[in-house]
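[1] Have a look at this fold, sequence not included:
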């Protein structure tokens, strides 16, 4: 694991790019033991999901609208 991964992840959670925020949330969820102040992070995550309830994804050659929270949860459950 990278020495400064939690700090970098926290920075990425505030990115202008919504996809970057969702990837940072995935990392945080998979590695909560590395983080301090998880309550603050969880509150921010709730705000991100409220502001970004659905996202456009590609599944095969189809453009789909997916629930952002469900999609992140799906990726968290996948094995590396």
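    Done, it's in. Being a predicted model, the structure only gives us computed values, none of them experimental.

[2] Kindly provide the whole-number mean pLDDT of stretch 23-32.
    For stretch 23-32, mean pLDDT is 94.

[3] Just the buried positions in that stretch, please.
    Neighbour-count burial for stretch 23-32, counted by 16 or more other C-beta atoms under 10 Å, picks out 23, 24, 25, 26, 27, 28, 29. C-beta coordinates here come from the backbone N, C-alpha and C atoms, glycine included.

[4] Where does the fifth one sit: helix, strand or coil?
    The three-state label for residue 27, taken from DSSP: H, G, I helix; E, B strand; the rest coil, comes out as helix.

[5] I'd say it and residue 8 touch.
    No. Using C-beta atoms under 8 Å, residue 27 is not in contact with residue 8, being 9.0 Å away.

[6] What pLDDT does the model give residue 1?
    Model confidence at residue 1 (pLDDT) stands at 53.
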